[in-house]
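**Q** Fold the following and give me the result.
(2 chains)
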Protein chains: 2
Amino acid sequence: MSGNLDFFEGSEKLLEIWWDSSSQLTGPTTMKDADLRCITRDKIEKILDLAGCKILSEIKNEYTTAYILSESSLFISSNRLILKTCGTTPLLRATIHLMKVVEEECGMAEVKNVFYSRKSFAQPHLQQSPHQNFQQEVDVLDEYFPGGGAYTLGQQNSGNCWHLFTIDNYTDGLQIPDQTLEILMNDLNPSILKHYYKGYYKDAAELTKSVGISDLIPGTTIDDVIFEPCGYSANGILKDSYFTIHVTPQMEFSYASFETNVKFRSLKDLIEKVLNIFKPGRFIMTLFGNTIAPCGNSLRTFEKSFPPYKRKDLHFARFKNYNLTYGHYEHC
Amino acid sequence: MSGNLDFFEGSEKLLEIWWDSSSQLTGPTTMKDADLRCITRDKIEKILDLAGCKILSEIKNEYTTAYILSESSLFISSNRLILKTCGTTPLLRATIHLMKVVEEECGMAEVKNVFYSRKSFAQPHLQQSPHQNFQQEVDVLDEYFPGGGAYTLGQQNSGNCWHLFTIDNYTDGLQIPDQTLEILMNDLNPSILKHYYKGYYKDAAELTKSVGISDLIPGTTIDDVIFEPCGYSANGILKDSYFTIHVTPQMEFSYASFETNVKFRSLKDLIEKVLNIFKPGRFIMTLFGNTIAPCGNSLRTFEKSFPPYKRKDLHFARFKNYNLTYGHYEHC
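**A** Numbers count the residues shown, from 1 in each chain, chains lettered A, B, ... in the order given. Here you go, the predicted model:
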């Protein structure tokens, strides 16, 4: 493995927006069945241009269309969009245009939930505006989504903190169960890095199977890409569940992320499988669960131990409809 | 009540340090019974000079000496010091000198717990360095107390967040029960402000009794000061418990703080009494409790409702020996 000294920021920016699909505007743009998936491919590409990325691959089922991007992933469901971009992509520059397209094409103007989050960057000075610091991002988000709250969980002076801007506006009881787990892993064990270089396996599908990613959530349809000369992305969908994995295998700044909304009651086995695949030196883990999510009080999941990892920090926040838990763990 | 348009920052900076009293240095400075209270008054005054404040009054019992300062309070026990200063006082400028004096005079060089905390300032630009922003404070604290963690709880974009730097180093099981409750109140009800202007009551003692402060923790010995033309401070001590109250009654920037380490099992009644005295428009509340504190899992206290206040935010953090809960409440 050659040392690639061109730094790459594996840590993603993650934007998840839920629209109220019952709030279609009246008038010429009204649609009977508002659905984000009615937005045409060229309009999606224009949005992604602003965020600095391109579509590489696509899979879909009746619930979700999942795109692998040149920098991470995009998931579109009827009233929820998840855009995750890494490197120095200016994700938030696409937000206003995204909102406009959704209103024009789908008649959905009312946003119900917004979650913008990211781990602290390893090299924040390499980012483009408005991503050079969290305050800059909050200034923009405050303008787009008035009334939202900006939070930082975890130690700000250790490089393991996690920033969140959220607005949760659901006031009715008609929610669906929802939970999102993220595991953001640094300092992957050197022994596993070679798997994520082009040529080590015949193709991405063989990689996905060999390292155990295909077994994480049985039954998932998986789309995967291996980059030149290294790097890996995978999206998986199964009914209304998704997972997404992105790997930056360069030794000097190795990073892997796992995210899923799979509605397992216990997430412990899944977490252990993911840790066993990437063997990080340290990781942070976040879990959002709404009041009817199967994972229940997410604090409990994080109080479990994940040997050989030791928990360094544990934070919990209660929002209107969601509980959030953050944990920071390091290899003993 | 005349409008005083000279802004005053009521929000305090709060530094609490616990030393290991069994760790006296050997050599000429060794003392048999290490006790912070052996530090002479002139040495304490020199420390306070650096923090920008002076001693106004003093009470003591066998556990604690409690000073009312020109800007807030100082509590000294055998191995714990609590310094709380408001306005634009540069508290952290006194820290290095404080540590030096404690080592020289008491032979205590090993710090076991440090808690530096403050609410976000209303006018941060008026502060002196290193208090102009939290990052500046953390830079200094990282140098003084390597290995500490810096955290921000609550909404950063609403003026109600709370910053904390802490290091908790106790590794043995020989802790004593410890819990600290703080209630930081803004926008006090205009009807109560006049009580905290000089001349409304005969003296501070009458004020303390009339508004109900003397009944907060029955049996407490109270020291109280009313400032010219307005403002109020009180310290109370009862065995190893203390409370401290500071009031900035100017309508434009009214603020009151309450802090206590009283080991009540349930803090609900006390919290309600405090809220009833100051009737804030909004407040944040923090509760630290170590693993053997009578308040138990502090999260539960904050899940209770405090009508007519509505909880806007609830955060919980687990440190090595302490649980911390933060709540932000607003008047409905």
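
**Q** Could you use CA atoms for every contact and neighbour count after this?
**A** Fine.

**Q** pretty sure residue A:68 is in contact with residue A:60, am I right?
**A** No. Under the criterion of CA atoms under 8 Å, residue A:68 makes no contact with residue A:60, lying 11.5 Å away.

**Q** So for those two, which sits in the more crowded spot?
**A** Each of residue A:68 and residue A:60 has its neighbours counted (other CA atoms under 10 Å in any protein chain shown); residue A:68 has more, 24 against 18.

**Q** For residue A:280, which non-adjacent residue is closest in space?
**A** residue A:188 (4.0 Å; CA to CA, 6 or more residues apart in numbering or on different chains).

**Q** okay, now the one you found: neighbour count?
**A** Neighbours of residue A:188 (other CA under 10 Å): 26.

**Q** Same question for residue A:265.
**A** By the criterion of other CA under 10 Å, residue A:265 has 10 neighbours.

**Q** for the lowest-mean-pLDDT helix or strand in chain A, packing partners?
**A** None of the helices or strands of chain A scores lower by mean pLDDT, DSSP states H and E than helix A:299-303, at a mean of 79. Other helices and strands packing on helix A:299-303, by 3 or more CA pairs under 8 Å, 6 or more residues apart in numbering or on different chains; DSSP states H and E, are strand A:322-331.

**Q** Checking the strand it packs on against chain B, do any of its residues make contact.
**A** No. Strand A:322-331 lies apart from chain B when judged by CA under 8 Å from any CA of the partner chain; the minimum separation is 9.2 Å.

**Q** So which residues of chain A form helices?
**A** Using DSSP state H, the helices found in chain A span residues A:41-51, A:95-106, A:134-144, A:190-193, A:204-210, A:268-278, A:299-303.

**Q** any residues touching the last one, and which ones?
**A** Counting contacts by CA atoms under 8 Å, 6 or more residues apart in numbering or on different chains, the residues outside helix A:299-303 that touch it are A:266, A:267, A:268, A:314, A:316, A:324, A:325, A:326, A:327.

**Q** picking that back up, report the contact partners of the residue nearest to residue A:280.
**A** Neighbouring residues of residue A:188 by CA under 8 Å, 6+ apart: A:249, A:251, A:254, A:255, A:256, A:278, A:279, A:280, A:281.

**Q** could I get those residues as a markdown table with neighbour count?
**A** Listed next are the contacts of residue A:188 as a markdown table, based on neighbours: other CA atoms under 10 Å in any protein chain shown:
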| residue | neighbour count |
| --- | --- |
| A:249 | 28 |
| A:251 | 18 |
| A:254 | 22 |
| A:255 | 26 |
| A:256 | 26 |
| A:278 | 23 |
| A:279 | 23 |
| A:280 | 24 |
| A:281 | 18 |
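
**Q** which one is residue A:257 nearest to, not counting chain neighbours?
**A** Residue A:257's closest residue in space is residue A:184 (CA to CA, 6+ apart), at 4.6 Å.

**Q** what's the distance between that neighbour and residue B:37?
**A** Residue A:184 sits at a distance of 48 Å from residue B:37 (criterion: CA to CA, to the nearest Å).

**Q** Equivalent analysis for residue A:236, please.
**A** 64 Å.

**Q** tell me which residues form a beta bridge with the nearest residue to residue A:326 once chain neighbours are set aside?
**A** Closest residue to residue A:326 apart from its sequence neighbours, by CA to CA, 6+ apart: residue A:286 at 4.5 Å. Residues in a beta bridge with residue A:286, per DSSP bridges, are residue A:182, residue A:326.

**Q** mind listing the strands for the stretch 51-200 of chain A?
**A** A:55-60, A:65-69, A:72-76, A:80-85, A:111-119, A:149-153, A:162-168, A:179-188 (DSSP state E, counting those that start in this stretch).

**Q** So which of those is nearest residue B:121?
**A** strand A:149-153 (16.6 Å; CA to CA).

**Q** And the closest one, how far out from the chain middle?
**A** The chain centre lies 17 Å from the centre of strand A:149-153; the measure is CA atoms, centre = their mean, to the nearest Å.

**Q** May I have that strand as PDB, with CA atoms only?
**A** Below are the C-alpha coordinates for strand A:149-153, written out as PDB (Å, rounded to 0.1, in the frame of the first residue of the first chain):
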ATOM      1  CA  GLY A 149     -31.400  24.300  17.400                       C
ATOM      2  CA  ALA A 150     -27.600  23.900  17.100                       C
ATOM      3  CA  TYR A 151     -25.800  21.500  19.400                       C
ATOM      4  CA  THR A 152     -22.400  20.000  19.800                       C
ATOM      5  CA  LEU A 153     -22.100  16.700  21.500                       C
END
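
**Q** re the thing from before, for the least confident helix or strand of chain A, buried residues please.
**A** Buried positions in helix A:299-303, judged by neighbour count with 16 or more other CA atoms under 10 Å in any protein chain shown: A:299, A:301, A:302.

**Q** Residues of chain A that sit close to chain B?
**A** A:138, A:149-158, A:312-319.

**Q** Quick one, which of those residues are buried?
**A** A:138, A:149-157, A:312-319.

**Q** hang on, the earlier thing: turn the helices of chain A into CSV, columns for distance to residue B:53.
**A** As requested, the helices of chain A are exported to CSV (distance: least, CA to CA, whole Å):
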stretch, distance to residue B:53
helix A:41-51, 52
helix A:95-106, 49
helix A:134-144, 33
helix A:190-193, 55
helix A:204-210, 64
helix A:268-278, 52
helix A:299-303, 43
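
**Q** I'd like to know which of those helices has the weakest mean confidence.
**A** Per-stretch mean pLDDT for the helices of chain A is lowest at helix A:299-303 (a mean of 79).

**Q** how about low-confidence regions in chain A?
**A** Across chain A, the ranges flagged by pLDDT under 70 are A:1-5, A:23-33, A:172-174, A:298.

**Q** one more time with 50
**A** Scanning chain A for pLDDT under 50 picks out the ranges A:1-4, A:31.

**Q** Now for residue A:21: which residues touch it?
**A** Neighbouring residues of residue A:21 by CA under 8 Å, 6+ apart: A:34, A:35, A:78, A:79, A:108.

**Q** who wins for neighbours among those residues?
**A** residue A:108 (26 neighbours).

**Q** Do I have it right that it meets residue A:20?
**A** Yes. Counting by CA under 8 Å, residue A:20 is a contact partner of residue A:108 at 6.7 Å.

**Q** hang on, the earlier thing: show me how to select, in PyMOL, the buried members of the contacts of helix A:299-303.
**A** Those of the contacts of helix A:299-303 that count as buried under 16+ other CA under 10 Å are selected in PyMOL with:
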select buried, chain A and resi 267+314+316+324+325+326+327
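
**Q** What I need now is the contacts of helix A:299-303 written out in CSV, including distance to residue B:212 for each item.
**A** CSV is the format used below for the contacts of helix A:299-303 (distance: CA to CA, whole Å):
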residue, distance to residue B:212
A:266, 50
A:267, 51
A:268, 51
A:314, 38
A:316, 35
A:324, 39
A:325, 39
A:326, 41
A:327, 42
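
**Q** Let me have the contacts of residue A:21 in JSON lines, extended by distance to residue A:197.
**A** Output for the contacts of residue A:21, formatted as JSON lines (distance: CA to CA, whole Å):
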{"residue": "A:34", "distance to residue A:197": "42"}
{"residue": "A:35", "distance to residue A:197": "38"}
{"residue": "A:78", "distance to residue A:197": "35"}
{"residue": "A:79", "distance to residue A:197": "36"}
{"residue": "A:108", "distance to residue A:197": "42"}
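
**Q** returning to that earlier point: export only the CA atoms of the least confident helix or strand of chain A, formatted as CSV.
**A** Listed next in CSV are the C-alpha coordinates belonging to helix A:299-303 (Å, rounded to 0.1, in the frame of the first residue of the first chain):
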residue,chain,number,x,y,z
LEU,A,299,-29.2,5.5,26.1
ARG,A,300,-29.4,1.8,27.0
THR,A,301,-27.7,0.6,23.8
PHE,A,302,-24.7,2.8,24.5
GLU,A,303,-24.3,1.8,28.1
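
**Q** and residue A:286, what does it touch?
**A** A:180, A:181, A:182, A:183, A:324, A:325, A:326, A:327.
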